[in-house]
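> Need a 3D model of the sequence below.
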Amino acid sequence: MAEATWEKPQHLTLPVTRIGGGRWKFLIGGLLILSAVAYLIISSTTAGGLYFITVKDLLNNSQYVNKTIRISGAVIGSTIQYDEKNLVMDFSIANIPADYTNLSKALYESVNDPRSIRVPVHIVGQVKPDLLKHEAQAILTGSLDKNGVFQATELLLKCPTKFQDANPGQTIVQPSA
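Alright, predicted model coming up:
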């Protein structure tokens, strides 16, 4: 008697999957995403660790030339030039010592000391802010070009005397009803 055998065709067979195979892919994908987020947090924290450098550090270190950095200095009011039509600002800033205790005093001394280290600043495409005046603290983002001019792309200003009390010992009396 002849034996009849039947074989299943290859195109009808289903692939064998392991139980939990999709979970491993999900776990590995989650770990990759978590690693990427951790890397971004750590790299942004270390890069932003130094808020700004001083004018002295900028001019004494050649590694900063043509690199985007943030610097701080005291605005020298007599050097401010502004072309309103073309939105071009030029002024100079003086070095503020990194270890000051009184910002107003440090700004005053930096601007009025003829021996203080200074750097010219050039900004294009920004309207002149009202706080850009003598003895304001300027925090600038940009790069130092080969001619020694700081080409700024962002300007932040602080004017500490504007926010200090005129009479710090004076108490405020509430009117009685």
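
> got the contact list for the spatially closest residue to residue 80 that is not a sequence neighbour?
Closest residue in space to residue 80, ignoring its immediate chain neighbours: residue 91 at 4.4 Å, by C-beta to C-beta, 6 or more residues apart in numbering. Quick note: C-beta positions are derived from backbone N, CA and C, even for glycine. Going by C-beta atoms under 8 Å, 6 or more residues apart in numbering, residue 91 touches 75-76, 79-81, 120-121, 132.

> Phi and psi next, for residue 91.
With angles defined as degrees, to the nearest 10, residue 91 sits at phi -160, psi 170.

> Given the lengthiest strand in the chain, what are its sheet partners and their directions?
Across the chain, the longest stretch assigned as strand under DSSP state E is strand 69-83. As defined by DSSP bridges, the strand partners of strand 69-83 come to strand 53-54 (parallel), strand 88-94 (antiparallel), strand 137-144 (antiparallel).

> Not counting it itself, show me its contacts.
Strand 69-83 is contacted from outside by 51-55, 58, 88-96, 106-107, 110-111, 118-120, 128, 132-144, 150, 157, using C-beta under 8 Å, 6+ apart.

> Quick one: the helices in the chain, in order.
Along the chain, the segments classed as helices by DSSP state H run 21-47, 55-60, 103-112, 160-163.

> picking up where we left off before, narrow the contacts of residue 91 to those that are buried.
Buried members of these, counted by 16 or more other C-beta atoms under 10 Å: 75-76, 80, 121, 132.

> Closest one of these to residue 67?
Proximity of these to residue 67 (C-beta to C-beta) peaks at residue 121, which lies at 16.2 Å.

> dump the residue contacts of the closest residue in space to that closest one that isn't next to it in sequence.
Excluding its sequence neighbours, the residue lying closest to residue 121 (C-beta to C-beta, 6+ apart) is residue 150, at 4.8 Å. By C-beta under 8 Å, 6+ apart, residue 150 lies in contact with 58, 71, 93, 119-122, 140, 142-144.
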